[in-house]
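1. One predicted model, sequence on top.
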Amino acid sequence: MSANTAPTRNQFPADFRWGVSTSSFQIEGAGREDGKGESIWDRFCSEPGRIRDGSNGLVACDHYHRWPQDLDLAKQLGVNAYRFSIAWPRILPQGRGVVNEAGLAFYDRLVDGMLERGLDPWATLYHWDLPQALQAQGGWISRDTIAAFLEYTDLVTRRLGDRVKHWITHNEPWCSCIMGYWEGVHAPGGTSLADAMQACHHVLLSHGQAIPVIRKNSPGAQVGITLSLHPIAAASDSAADQAALKRHDGLRNRWFLDPLFGRGYPEDTLALLGAAAPQVLAGDLDAIATPTDFLGVNYYFPEMVADDPTGSHGPMRAKLVDRPGVERTGFGWEVSPQGLVDLLTRIQRDYAPAAVQLTENGSTFEDVLTPEGRVHDARRLSYLQRHLAALKQAIEAGVPVKGYFAWSLLDNFEWAEGYLRRFGLAYVDYTTQQRTLKDSGLWYGRFLNE
Ligand code: IFM
């Protein structure tokens, strides 16, 4: 079968997990209801110019009220797993201390609703909505936030750990830390590399320290972390571009994978960071390397880099360049199913995780709801089919991929892009909150049900 042919479900292992992925801030809404506290994303959205369409997450997809219908939709697709995240400020409005029972009760209902529909709950503890009260004390730059995360983790896993048996500590630390504390494009909008690297270290450390807490409260659970990873190519064969590739890969991929797999931070990247390298205390690296049950991989696109001798794009002295003439999504991201094969086989070769879960993969395009109530998203459908074919290829090459979660069940709040980018298998009309399965979603349903 060529990588361009859609596979069939029965070509995957019988016990393969098929899911859809969502996150709290992007879909829940109810931003000020039932005692929920403010998150850094609520604050960020309130700052003029931060979000491209000036929107916020106060209503989003109104999933907080419409969750039964959304879980029905997931069930209708035929998935057997549902990945969601928990809003920390819904549980602990001030980040620690006083518990909001209404928040816990919401996730109780949601998890029970999944189980009633035969959906295996996959919970992410942190998908970027840090309580603003903790940000006021430094956010992830402060080591104290780790203790707060452990308090939150303990509370949530004690409450849900009897029913949720798959836990993801963090989603994409690159985004929450590098985009949030250095690039200034995500909450909390910081612009210091040193802060970002310290935040990253604390996020990774909080992951490692949370694992025993989760294992204690949720016996038999599988625990992992999700990273956004990219296959990287050099713009040319020149020694300078090849060296730039290695430097860029150091911060983009190895910075996270190396310590999680017990190798500590990469020496070459540490040297390039110089004074921006994080403060690491005795025992931290051992904690970060606490064994997990799976590595969560989010794959969207590959990157190409060239040498940047001036360092104007940061101390890795590499700049992103566009590969000419390739297919791109509405975001401008390169479409490369082969990149998924390259990435997964590289992870397997270099790190050999016990299991890999593809916790996100998807695409955004301009969608049109026709008067007949259809969304003919041929390009998203093709993206999905070709990435599933690539996934099959990676499994045949020996990568232990155990599950695939499409991003996303619904169109939703796409962070700094607001509601301008649609990634859903279902179209959301934000005026009526009506959901309509797009052609891609209808195909995923047929694929899963055949
Ligand atoms: O919407 C995001 C998600 O929150 C994290 N991973 C990438 C998605 C698409 O940008």
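-> Thanks, I have it.
2. Could you measure from the closest residue to the ligand within the stretch 101-250 of the chain over to S382?
-> Per CB to the nearest ligand atom, E172 is where the stretch 101-250 of the chain lies closest to the ligand, at 5.6 Å. Just so you know, the C-beta spots here come from the backbone N, C-alpha and C atoms, and that holds for glycine as well. Plainly put, E172 is 25 Å away from S382 if you go by CB to CB, to the nearest Å.
3. Settle it for me: which of these two has more neighbours?
-> The residue with more neighbours, out of E172 and S382, is E172; 24 against 18, by other CB atoms under 10 Å.
4. ok, how many other residues are close to the closest residue to that one other than its chain neighbours?
-> Residue nearest to E172 in three dimensions, not counting chain neighbours: S228, with 4.2 Å by CB to CB, 6 or more residues apart in numbering. For S228, the count of nearby residues is 21 (other CB under 10 Å).
5. contacting residues for S228?
-> E172, W174, C175, N298, Y300 (CB atoms under 8 Å, 6 or more residues apart in numbering).
6. For the fourth one, which non-adjacent residue is closest in space?
-> What that stands for is N298. Per CB to CB, 6+ apart, closest to N298 is E360, 3.8 Å.
7. Quick check: phi and psi at the residue nearest the centre of the chain.
-> By CA atoms, centre = their mean, the chain has its centre lying nearest to N171, at 4.3 Å. Here the main-chain torsion angles of N171 (degrees, to the nearest 10) amount to phi -100, psi 120.
8. Flag every residue of the stretch 201-350 of the chain that's near the ligand.
-> N298 (CB under 6 Å from any ligand atom).
9. Number of residues surrounding whatever residue of the stretch 201-350 of the chain ends up closest to the ligand?
-> Distances between the stretch 201-350 of the chain and the ligand by CB to the nearest ligand atom are smallest at N298, namely 5.3 Å. Close neighbours of N298, defined as other CB under 10 Å, add up to 22.
10. re earlier: so who does the residue of the stretch 101-250 of the chain closest to the ligand touch?
-> T226, L227, S228, N298.
11. Tell me which residues are up against stretch 328-346.
-> Under CB under 8 Å, 6+ apart, the answer for stretch 328-346 is 3, 229-231, 297, 299-302, 322-323, 326-327, 356, 361, 363-366, 379, 383, 386-387, 389-391, 393-394, 397, 399, 401, 417, 421.
12. How far off centre is stretch 143-159?
-> 20 Å (CA atoms, centre = their mean, to the nearest Å).
13. May I see the buried residues of that stretch?
-> 143, 145-146, 148-157, 159 (16 or more other CB atoms under 10 Å).
14. For burial, what's the neighbour tally of the closest residue to the ligand within the stretch 1-150 of the chain?
-> With CB to the nearest ligand atom, the shortest gap between the stretch 1-150 of the chain and the ligand falls at S23, namely 5.1 Å. Number of residues near S23 (other CB under 10 Å) recorded here: 24.
15. Same question for R43.
-> The burial count assigned to R43 is 18, neighbours taken as other CB under 10 Å.
16. D112 too?
-> 13.
17. what does Q338 give?
-> 13.
18. Relative to L320, how far out is it?
-> 19 Å.
19. Likewise for A221?
-> 38 Å.
20. quick one, which of the two is more surrounded?
-> Using other CB under 10 Å, the more surrounded residue of A221 and L320 is A221, with 17 against 13.
21. quick one: the nearest residue to that one once chain neighbours are set aside from R52, how far?
-> Leaving aside its chain neighbours, A221 sits nearest to K165 (4.8 Å; criterion: CB to CB, 6+ apart). Distance, K165 to R52, using CB to CB: 38 Å.
22. Which one's more surrounded, these two?
-> K165 (17 against 14).
23. The lengthiest helix in the chain: which residues count as buried?
-> Criterion DSSP state H: the longest helix present in the chain is helix 193-217. For helix 193-217, a neighbour-count test (16+ other CB under 10 Å) marks 193-211, 213-215, 217 as buried.
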